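Chemist: Okay, sequence plus prediction incoming.
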Amino acid sequence: MSKMKYISDCKDFSLNGFFCETSILAKAHRLPFERSTISTKNPFELVHMDLWGPYRTPNVNGARYFVTIVDDYTRNTWTQLLQGKSQVYTAIEYFLSMVETQFKTKVIMIRTDNGTEFIQSLCLNLFGLKGILHQWSIVKTPQ
């Protein structure tokens with residue numbers, strides 16, 4: 001761009017407000033994600049869950065993992081510290097119980113990654129008993 005001022009056809013060219021879409025797309029590793037058409041109408045229609053960890057240094061209670069739970073409609077987020085992956089089932093069970101008691105509603109659908117902690121038989125049985133649909137995200141698709 002600094003060299004364009006020396007080209008005779010570009011003497012009046014101003015860089016202010018200049019935007020080069022081609023340059024941005026050329027630097028991108030993939031095209032932008034399309035806008036999602038999925039929209040929830042009520043809280044707890046769709047809940048996203050993910051497990052993080054392990055961390056090298058545990059907290060004061062010995063937790064090296066944490067599970068995040070996000071309501072798609074309200075974007076409210078709950079975080080539960082865990083000492084091990086095996087506690088995911090209990091954390092989900094407590095969360096579902098809390099929703100039923102405190103909000104007088106039920107979770108309709110849960111979306112997780114393909115982590116083994118979510119597809120273990122205990123979690124799948126819990127989802128089935130409560131009538132919750134379980135969706136898995138597609139591997140290596142952050143959107």
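Modeler: Yep, it's here. No experiment lies behind these values; they were computed from the predicted model shown.

Chemist: Run the chain-centre distance for stretch 48-67.
Modeler: Centroid separation between stretch 48-67 and its chain, computed with Cα atoms, centre = their mean, to the nearest Å, is 17 Å.

Chemist: Correction: the previous question concerned stretch 94-104.
Modeler: Using Cα atoms, centre = their mean, the mean C-alpha position of stretch 94-104 is found 21 Å from that of the whole chain.

Chemist: same check, this time on stretch 108-124
Modeler: Between the centre of stretch 108-124 and the centre of its host chain there is 14 Å, according to Cα atoms, centre = their mean.

Chemist: okay, how far is it across it, tip to tip?
Modeler: This stretch, stretch 108-124, spans 14 Å end to end (Cα to Cα, to the nearest Å).

Chemist: average model confidence for it?
Modeler: Averaging pLDDT along stretch 108-124 yields 89.

Chemist: In that stretch, which of the residues would be classed as buried?
Modeler: Across stretch 108-124, burial judged by 16 or more other Cβ atoms under 10 Å covers 109-112, 115, 117-118, 123. Every residue, glycine included, has its C-beta placed from N, CA and C.

Chemist: I108 versus Q87, what's the distance?
Modeler: Q87 sits at a distance of 24 Å from I108 (criterion: Cβ to Cβ, to the nearest Å).

Chemist: center of the chain - which residue?
Modeler: Centroid check for the chain by Cα atoms, centre = their mean gives H48 as the closest residue, at 6.3 Å.
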